[in-house]
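# sequence and predicted structure are below.
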Amino acid sequence: MPLGLVTSGESHGPALVAILTGLPAGLTLDKDAIGADLRRRQQGYGRSPRQQLETDIVDVLAGLRHGRTLGTPLTLVVWNRDHKNWLWGMNPWPPEGEPTGKGTKAVTLPRPGHADLAGVLKFGHDDVRNSLERASARHTAVHVAAGAVAKALLAAIGVEVHGRPVEIGGESTDEGMRTATDAARTDRDTLGGIVEVVASGCPPGLGSYAEKSDRLDARLAAALMGIQAVKGVEIGDGFALARVRGSQAHDEIEPGLARRTNRAGGLEAGMSNGEPIVVRAAMKPLPTLMKPLDSVDLETGEAAQALVERSDVQAVEALAVVAEAAVAWELARAACEKFGGDALEDLVAAHRAYLERIAWPRTP
């Protein structure tokens, strides 16, 4: 059974839910490790006050017993603790009584750069909140929880995945990133940046060139582009390879089948090639601004300024964690497709047999 993931939930609804299918039985999960990734997602120099309101903790509703997967769908829940302030505004049923708390007024001022305008037009909503709640990056919390499960699966076959910010607001040093964030905060503005994810320990042959949908590079790119605010993805040296000759672009093979360089980022022809997989994602500046951009009031048709809600100055550090989870999930999917097995020991045995067949890693 292929590894599958479905998520549900709104930013200010009761909870975020993920259902993971196709996990082999016998995988040990560590609640503290999942919680640590959730905390990493909430941290960062430019985060908003909401990160102090939410303390994300994962609960499991099904598919796990005494810390080990059962081979059945695994259901993860991350509760939205701020929901208590939105009981009327985000009630799933027609609310009774006088409006109280947050979300009681319809939102008619779409933000440039967000899902607001296209969402209400697409689905025929008369309240932008019906679009912005699901489009919010808040639901990446449950994707990070799913990614932590994927990392546990990958660890069983010696694969590790790590993400980090490499640029924020055009700056690439820790001091520069903080200075840029401070300046944007002072100006009531926002920043974007670039993150890098590296996966080590992947054997050659994950993914395939047989069909376009099988290509691991395409799947990783889609997984990263599916994260809110990501506008560009590159693998290895990416766009820089377009500016050099072939003699400077490709990774020469040495005795033992090691590569002299890793410009391809560990991926060739849609498959892992045994080198570390390196991917980067570019994040645009966040669209919710404390000094709002020009917009139009959808109720009156008149010029207006966009909605102002609580917002981060930048969330690039958080993106690094979310991107790490996305890459881990796609690699875990590819590993399950390659090695299969209803039980973890079957997958591990198939992985070991494959490495023996190709004599990997090889030495000169």
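Arrived safely, thanks for sending.
# neighbours of residue 294, how many?
Neighbour count for residue 294, taken as other CB atoms under 10 Å: 9. The C-beta positions use only the backbone N, C-alpha and C, and glycine is treated the same way.
# my guess is it contacts residue 302. True?
No: when contacts are counted by CB atoms under 8 Å, residue 294 is not listed as touching residue 302 (11.5 Å).
# tell me the strands in the stretch 51-200 of the chain, going along the chain?
For the stretch 51-200 of the chain, the strands defined by DSSP state E, counting those that start in this stretch cover 58-62, 64-65, 68-69, 74-79, 160-168, 193-200.
# residue 1: how many residues sit nearby?
Neighbours around residue 1, by other CB under 10 Å: 11.
# OK, contacts around it?
21, 22 (CB atoms under 8 Å, 6 or more residues apart in numbering).
# again, only this time at 10 Å
Applying CB atoms under 10 Å, 6 or more residues apart in numbering to residue 1 gives the contacts 21, 22, 23, 24, 71, 336, 340, 342.
# ok, the residues you listed vs residue 151, which is closest?
Residue 151 has its nearest neighbour among these in residue 23, at 12.8 Å by CB to CB.
# save the strands of the stretch 51-200 of the chain as JSON lines, and put in mean pLDDT too.
As requested, these are exported to JSON lines (pLDDT from 0 to 100):
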{"stretch": "strand 58-62", "mean pLDDT": "97"}
{"stretch": "strand 64-65", "mean pLDDT": "98"}
{"stretch": "strand 68-69", "mean pLDDT": "98"}
{"stretch": "strand 74-79", "mean pLDDT": "97"}
{"stretch": "strand 160-168", "mean pLDDT": "98"}
{"stretch": "strand 193-200", "mean pLDDT": "98"}
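# and those as JSON lines, adding mean neighbour count and distance to residue 122?
Listed next are the strands of the stretch 51-200 of the chain as JSON lines, based on neighbours: other CB atoms under 10 Å; distance: least, CB to CB, whole Å:
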{"stretch": "strand 58-62", "mean neighbour count": "15", "distance to residue 122": "31"}
{"stretch": "strand 64-65", "mean neighbour count": "15", "distance to residue 122": "37"}
{"stretch": "strand 68-69", "mean neighbour count": "18", "distance to residue 122": "37"}
{"stretch": "strand 74-79", "mean neighbour count": "21", "distance to residue 122": "27"}
{"stretch": "strand 160-168", "mean neighbour count": "20", "distance to residue 122": "31"}
{"stretch": "strand 193-200", "mean neighbour count": "22", "distance to residue 122": "29"}
